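Trainee: what's the 3D shape of this:
(one chain, ligands or ions: 1)
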Amino acid sequence: MSLFERLKADNLDDWQAYTRHSFVKQLATGELPEHAFRTYLQQDYLFLIHFSRAYALAVYKSPRLSDMRNALEGLKAIMDVEMDLHVELCAGWGISRDELETLPEASETMAYTRFVLETGLRGDLLDLQVALAPCILGYGEIARENALAKPAGPAADAYRRWLDEYGGNDYQSVAQDFSSWTDQTAEIYMTEARFAALSEIFNQASRLEADFWQMGLKA
Ligand SMILES: Cc1ncc(C[n+]2csc(CCO)c2C)c(N)n1
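Mentor: Okay, the predicted model is just below:
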């Protein structure tokens, strides 16, 4: 069993409150109001800026050169692929890259990103990877569970594009590689005594993910 599977099993209720959140369900059917998605995506752009910093911290916290390379690949995937999706979708609403960068940051965005950064700063690479795991593995799971969804309505194209991005083979292998990389780090740092503290980090990050969806819904 991978470390991720153990963490998920230990936090199943909070995990599903995140991955099966009504934001996700409404996105899959197309019922999600477009302004909810737009608010989410704009905040997510700011989120990804700080997530890039967290991956840069993962380079710094890497015990081996191979870990540094994995962290660097993750950093590049966010800055070269994922942020472009946001820019592309926001361009469809007439919002430029410059405007995205200067948006006021919501407290949900601040809470989640600074939690991840702080967890990485005070801990080792394994703590940081566990704080990143709900984000990276959750989106992979959400896209898989909704692979057959056919969103309807005015924002259907944007919702389909979003689901395809994370459901595609490229992203699915990013998620799989991240899980394997975390298992490799666990071989160095994991002890049974640490599991409870790691599970707490995983739980907090999963709840902050659910809050992030809720921020979009309440917009
Ligand atoms: C709130 C929030 N949670 C998770 C992701 C997904 N995500 C963030 S970084 C990353 C790795 C890219 O290789 C992925 C998939 C997101 N965008 N926003």
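Trainee: so how far is Leu217 from Ala158?
Mentor: 16 Å (CB to CB, to the nearest Å). C-beta coordinates here come from the backbone N, C-alpha and C atoms, glycine included.
Trainee: all helices for this protein, in order.
Mentor: 3-10, 12-19, 22-29, 34-60, 65-77, 83-91, 97-101, 107-122, 125-145, 156-167, 169-189, 195-218 (DSSP state H).
Trainee: Point out the most buried one among those helices.
Mentor: helix 125-145 (a mean of 22; mean count of other CB atoms under 10 Å).
Trainee: Compute the inter-axis angle for it and helix 65-77.
Mentor: 50 degrees (axes from the mean of the first three to the mean of the last three CA atoms, to 10 degrees).
Trainee: helices and strands around helix 125-145, which ones?
Mentor: Secondary-structure packing of helix 125-145 (3 or more CB pairs under 8 Å, 6 or more residues apart in numbering; DSSP states H and E): helix 3-10, helix 12-19, helix 34-60, helix 107-122, helix 156-167, helix 169-189, helix 195-218.
Trainee: can these go into a markdown table with extra columns for mean pLDDT and distance to the ligand?
Mentor: Shown next, in a markdown table, are the helices and strands packed on helix 125-145 (pLDDT from 0 to 100; distance: least, CB to the nearest ligand atom, whole Å):
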| stretch | mean pLDDT | distance to the ligand |
| --- | --- | --- |
| helix 3-10 | 98 | 14 |
| helix 12-19 | 98 | 9 |
| helix 34-60 | 97 | 5 |
| helix 107-122 | 98 | 7 |
| helix 156-167 | 95 | 6 |
| helix 169-189 | 96 | 5 |
| helix 195-218 | 98 | 4 |
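Trainee: Who are the contact partners of Met83?
Mentor: Met83 sits next to 45, 48 when contact means CB atoms under 8 Å, 6 or more residues apart in numbering.
Trainee: do that again at 10 Å, thanks
Mentor: 44-45, 48-49, 51-52, 77, 97, 100 (CB atoms under 10 Å, 6 or more residues apart in numbering).
Trainee: Point to the residue nearest the middle of this protein.
Mentor: Closest to where the C-alpha atoms of the chain average out (CA atoms, centre = their mean) is Cys135, at 2.5 Å.
Trainee: Distance check, that residue against Leu163.
Mentor: 17 Å.
Trainee: now swap in Ala193 and tell me
Mentor: In terms of CB to CB, Ala193 sits 40 Å off from Leu163.
Trainee: likewise Lys8?
Mentor: For Lys8, the distance to Leu163 - CB to CB - is 21 Å.
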